[in-house]
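In: got a predicted structure here, sequence first:
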Amino acid sequence: MPDSTAEWLYEAGIGEERAILVERGQIIAARVVWDEPWRAGAVAEARLISRIPGTRRAAVRLPDGSEALAEGLDPALTEGAAVRVRITRGAIAEKGRTKLPQVRAASAGEAPCSAPTLLEELAAGPLPVRSLAAHDRSFEDAGWDDLVGEALTGEIAFPGGSLIISPTPAMTLIDIDGLPPLPALALAAVPAIVGALLRLDIAGSVGIDFPSLPEKVQRQAVDAALADAARAAGWQGERTGMNGFGFVQLVSRLERPSLLARFARHPAAAAARRLLRTAERVREPGTLLLTAHPVVRRAMRAEWEAELARRTGRLLRWHEDSGLALPAAFAQAVSA
């Protein structure tokens, strides 16, 4: 668990809220919230569309016309009936599709409400929260840019090897690469894996492909190390023991997309939000020149540009560069 020195640092960005849990100068957990219409914690009036026969599950229509999957509904409800629901998991984009939000019947007396903001969620927790001004460098000092790089690539180095993390429709997969001896490699990967789960906000079903270890005692040693590391980090969920092929599965409560899933499935939108943060932090006087790949320019919403102009009090100009990688967009001050 985080020690008494840990605190959440929060930034109210344009198009996103972001927070990092910092302990002794290092990021140990992170959260990013984009402007999704339905997030966990919201309560809304919905209408039952269809039932899954023989179950308490159904499809419902939310007030904005979008659909969600519902569980635990009263069996007496018929199609077309109104039902008040609580969002338990937001929509999650995957390759070729989007998982619909999940909802449950709201408790008696719950009134319709929006989901809490990230700041409200953190403030309700046990750890202190500090909101940062636009030019505060605490995120950078703790390693925010490195964390964003991990989320964009899914690659995390550790002594003796590296992790490759890939979001898939079924689960998030973690592959371990490195040099023998394999028992030592597997043990060295454990703290990197647990750290990545928290830093990249990875939950749900996670499959870990460890190197195949022929000896049962070697597999048990990795299981014990993983259990100890997860417990020390405060990770909550269930896990399987390592099988003969080196595979371990972790399962924890899933409420939102991980940083990895957001950045991998929406790279242009992620790059646009990153550019907004960079632009807001430019200190030199002058017009803000935003240089980006055309795809990033197209992902930039008009209301985000307007908010950037409002916050900075500057005029904005664009320069599109098709040879620039999406994450390489940058902002600078220029004379008008």
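Out: Received, thanks. Numbering: from 1, shown residues only.
In: for this structure, just list every one of the helices.
Out: 118-123, 138-142, 144-153, 182-199, 216-233, 259-265, 267-280, 294-299, 302-312 (DSSP state H).
In: next, format those as CSV and append distance to Gly15, mean neighbour count and mean pLDDT.
Out: C-beta here means a position set from N, CA and C on the backbone, and glycine is covered the same way. Converted to CSV, the helices of the chain look like this (distance: least, CB to CB, whole Å; neighbours: other CB atoms under 10 Å; pLDDT from 0 to 100):
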stretch, distance to Gly15, mean neighbour count, mean pLDDT
helix 118-123, 13, 18, 94
helix 138-142, 16, 16, 95
helix 144-153, 15, 17, 91
helix 182-199, 21, 21, 96
helix 216-233, 30, 16, 95
helix 259-265, 12, 22, 87
helix 267-280, 5, 22, 94
helix 294-299, 10, 18, 96
helix 302-312, 5, 14, 96
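In: out of the ones you listed, flag the one nearest Leu9.
Out: helix 138-142 (5.2 Å; CB to CB).
In: can I get the helices of the chain in JSON lines including distance to Ser335?
Out: Shown next, in JSON lines, are the helices of the chain (distance: least, CB to CB, whole Å):
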{"stretch": "helix 118-123", "distance to Ser335": "37"}
{"stretch": "helix 138-142", "distance to Ser335": "27"}
{"stretch": "helix 144-153", "distance to Ser335": "28"}
{"stretch": "helix 182-199", "distance to Ser335": "40"}
{"stretch": "helix 216-233", "distance to Ser335": "50"}
{"stretch": "helix 259-265", "distance to Ser335": "34"}
{"stretch": "helix 267-280", "distance to Ser335": "17"}
{"stretch": "helix 294-299", "distance to Ser335": "22"}
{"stretch": "helix 302-312", "distance to Ser335": "16"}
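In: of all these, which one is nearest Gly54?
Out: Ranked by CB to CB, the member of the helices of the chain that lies closest to Gly54 is helix 259-265, at 31.7 Å.
In: so which elements touch that closest one?
Out: Judged by 3 or more CB pairs under 8 Å, 6 or more residues apart in numbering; DSSP states H and E, the packing partners of helix 259-265 are strand 26-34, strand 92-94, helix 144-153, strand 161-167.
In: let me see the contact set for the closest residue to Arg39 other than its chain neighbours.
Out: Nearest residue to Arg39, sequence neighbours excluded (CB to CB, 6 or more residues apart in numbering): Ala115, at 3.9 Å. Counting by CB atoms under 8 Å, 6 or more residues apart in numbering, Ala115 makes contact with Trp38, Arg39, Ala40, Gly41, Ala42, Ile87.
In: let's see that with 6 Å instead.
Out: Counting by CB atoms under 6 Å, 6 or more residues apart in numbering, Ala115 touches Arg39, Gly41, Ala42.
In: for Ala105, same thing?
Out: Gly72, Leu73.
In: let's go with 8 Å and repeat that
Out: Ala70, Gly72, Leu73, Asp74, Val83, Arg84, Val85, Arg86 are the contacts of Ala105 under CB under 8 Å, 6+ apart.
In: would you mind checking these for buried ones?
Out: Ala70, Leu73, Val83, Arg84, Val85, Arg86 (16 or more other CB atoms under 10 Å).
In: tell me who's in contact with the second one.
Out: When you say that, I think you mean Leu73. Leu73 touches Leu48, Arg56, Arg57, Ala58, Val83, Ala105, counting by CB under 8 Å, 6+ apart.
In: now stretch 62-74: how far from the chain's centre is it?
Out: 23 Å (CA atoms, centre = their mean, to the nearest Å).
In: that should have said stretch 132-147, apologies.
Out: 17 Å.
In: what does that stretch contact?
Out: Residues contacting stretch 132-147 (CB under 8 Å, 6+ apart): 9-11, 18, 20, 22, 25-27, 30, 199-200, 259, 280-281, 283, 311.
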